[in-house]
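Trainee: The following block contains a protein sequence and its predicted model.
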There are 2 protein chains.
Amino acid sequence: MSLEQLRQFLLDSYSLPKEESDLMLSNFRLFEAKKNSQLLDCGAVCQYAYFICKGCLRTYFIDEKGEEKTRYIAFENSFVSAFASFITQTPSAECVQALEHSQLLKIKQADFYQLVDTYPTFAKLYRQSLEQAQVFATWRIESMISMTAKERYENLLERMPQAVLRLPNKHIASFLGITQESLSRLKARK
Amino acid sequence: MSLEQLRQFLLDSYSLPKEESDLMLSNFRLFEAKKNSQLLDCGAVCQYAYFICKGCLRTYFIDEKGEEKTRYIAFENSFVSAFASFITQTPSAECVQALEHSQLLKIKQADFYQLVDTYPTFAKLYRQSLEQAQVFATWRIESMISMTAKERYENLLERMPQAVLRLPNKHIASFLGITQESLSRLKARK
């Protein structure tokens, strides 16, 4: 069922024929993650990338006060990993967590790079995931550096309405770098 | 001279034979950028990527108070662009500027993607540039979210000693998100 979803995604987005996607998909394993379960602890080396069939993942840091600070949130049909650690195979500064009960396809780092080196389509898929991640990260840094809380919230509503609709306030507030009280005030004003 | 440098880089890093690199390099143009010259204004669509043969480029945002906030700094043998705009071909939130007199090789966006689609080696080079950018952006966000000014400075010294050695305090302070006075105090303590 979930493998079928990734196959369909590869067909729709990259016109990938079934024979080729079958070979690729044999490297993925189905994985159900319960709501709030931890997929990677901070300090561990990230060994997996995840394709989200259903659900939502986030990556977050823990600051010196022990508070969780969300960096990245992703929903269906995207690849998620603690990419900095996944790429460099060094301990991860960020953790990965399921924010909803999620159906995932997971793939080991070595298998992932084997696919990148073997299949131009997979290399393109990875490149485009990295491009999306770069656009996201630039937006994230821009919003932290040069936007007010109100602008950040409006920007999030525009770019990721699903986040505001599906996730509890505490994660949205963490992502925006504001308190839950400030978020409630911003929501009330809309 | 500078084309020779990119050719050497492609040979050293990707074992790319001269015949192939000649074909690729015909898409690049030599470009001298004076110190402090602007390569892209905020709000413009980024049409070029730059390979730095010699010198230093930065990308920065302008906050609501009109202050410049540096996001990214790069030195020799790296590709730089306002990638979010370069990728999406939408107006750029960040500007690009030469911080030193720089020798660059520039390539148009359409030609760049043509090379990515034609040459697996160039696709790999681009993918690895995006990976580096992702590692950098994650570090940048982590440092803003969860490090003290002192930790950010020490981290910068470790990761990019050239930045501290080669650039004026005002750019380092802007990158670290602190005042020049705070930076002087941190430097004095080392």
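Mentor: Nice, I can see it.
Trainee: could you show me where the strands are in chain A, in order?
Mentor: Along chain A, the stretches classed as strands by DSSP state E are A:29-33, A:38-40, A:48-54, A:57-62, A:68-74, A:79-80, A:95-98, A:102-108.
Trainee: Who are the packing partners of the shortest one?
Mentor: Read it as strand A:79-80. On a contact count with 3 or more Cβ pairs under 8 Å, 6 or more residues apart in numbering or on different chains; DSSP states H and E, strand A:79-80 meets strand A:48-54, helix A:120-146. In short, each C-beta sits where N, CA and C put it, glycine included.
Trainee: Okay, now the sheet partners of that strand, with direction.
Mentor: strand A:48-54 (antiparallel) (DSSP bridges).
Trainee: Spell out which residues of chain A are next to chain B.
Mentor: A:61-64, A:69, A:71, A:83-84, A:87-88, A:93-94, A:116, A:120, A:123-124, A:126-127, A:130-131, A:133-135, A:137-142, A:144-148, A:177 (Cβ under 8 Å from any Cβ of the partner chain).
Trainee: Just the buried ones from those?
Mentor: Buried by 16 or more other Cβ atoms under 10 Å in any protein chain shown: A:61-62, A:69, A:71, A:83-84, A:87, A:93-94, A:116, A:123-124, A:126-127, A:130-131, A:133-135, A:137-142, A:144-147, out of the residues of chain A next to chain B.
Trainee: pretty sure A:Lys34 contacts A:Ala98?
Mentor: Yes. Counting by Cβ atoms under 8 Å, A:Ala98 is a contact partner of A:Lys34 at 6.8 Å.
Trainee: Between the two, tell me which one has more neighbours.
Mentor: Ranked by neighbour count (other Cβ atoms under 10 Å in any protein chain shown), A:Lys34 and A:Ala98 place A:Ala98 first, with 23 against 10.
Trainee: Specify the beta-bridge partners of the more buried one.
Mentor: For A:Ala98, the beta-bridge partners under DSSP bridges are A:Leu57.
Trainee: For A:Glu32, which non-adjacent residue is closest in space?
Mentor: A:Gln103 (6.0 Å; Cβ to Cβ, 6 or more residues apart in numbering or on different chains).
Trainee: Nearest residue to A:Glu131 in space, ignoring adjacent ones along the chain?
Mentor: Closest to A:Glu131 by Cβ to Cβ, 6+ apart is B:Ile87, at 4.8 Å.
Trainee: ditto for A:Gly43
Mentor: A:Pro91 (5.1 Å).
Trainee: Is the one you found in contact with A:Val45, as I believe?
Mentor: Yes. Here A:Pro91 reaches A:Val45: they are 5.8 Å apart, a contact under Cβ under 8 Å.
Trainee: what sits in contact with each of these two?
Mentor: Common neighbours of A:Pro91 and A:Val45 are listed as A:Ser85 (criterion: Cβ atoms under 8 Å, 6 or more residues apart in numbering or on different chains).
Trainee: so how far is chain B from A:Pro98?
Mentor: Heads up, residue A:98 is Ala, not Pro. Here A:Ala98 is placed at a distance of 20 Å from chain B (Cβ to the nearest Cβ, to the nearest Å).
Trainee: Kindly report the same for A:Leu104.
Mentor: 20 Å.
Trainee: Is it correct that that residue is in contact with A:Tyr50?
Mentor: Yes. Counting by Cβ under 8 Å, A:Leu104 touches A:Tyr50, with 4.6 Å between them.
Trainee: Where does the prediction get shaky in chain A?
Mentor: A:1, A:190 (pLDDT under 70).
Trainee: Reformat the helices and strands packed on strand A:79-80 as a markdown table; add distance to B:Leu157.
Mentor: Output for the helices and strands packed on strand A:79-80, formatted as a markdown table (distance: least, Cβ to Cβ, whole Å):
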| stretch | distance to B:Leu157 |
| --- | --- |
| strand A:48-54 | 32 |
| helix A:120-146 | 21 |
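Trainee: which stretch among the ones you listed comes nearest A:Leu156?
Mentor: helix A:120-146 (8.2 Å; Cβ to Cβ).
Trainee: quick one: contacts for the residue lying closest to A:Ala84 once chain neighbours are set aside?
Mentor: The shortest distance from A:Ala84 to any non-neighbouring residue, by Cβ to Cβ, 6+ apart, is to B:Thr138 (4.0 Å). By Cβ under 8 Å, 6+ apart, the contact set of B:Thr138 is A:71, A:83-84, A:93-94, A:137.
Trainee: farthest pair in these?
Mentor: Largest separation among those by Cβ to Cβ: A:Ala93 and A:Ala137, giving 13.8 Å.
Trainee: ok, back up a step: okay, and the common contacts of A:Leu104 and A:Tyr50?
Mentor: With Cβ under 8 Å, 6+ apart as the test, A:Leu104 and A:Tyr50 both reach A:31, A:57.
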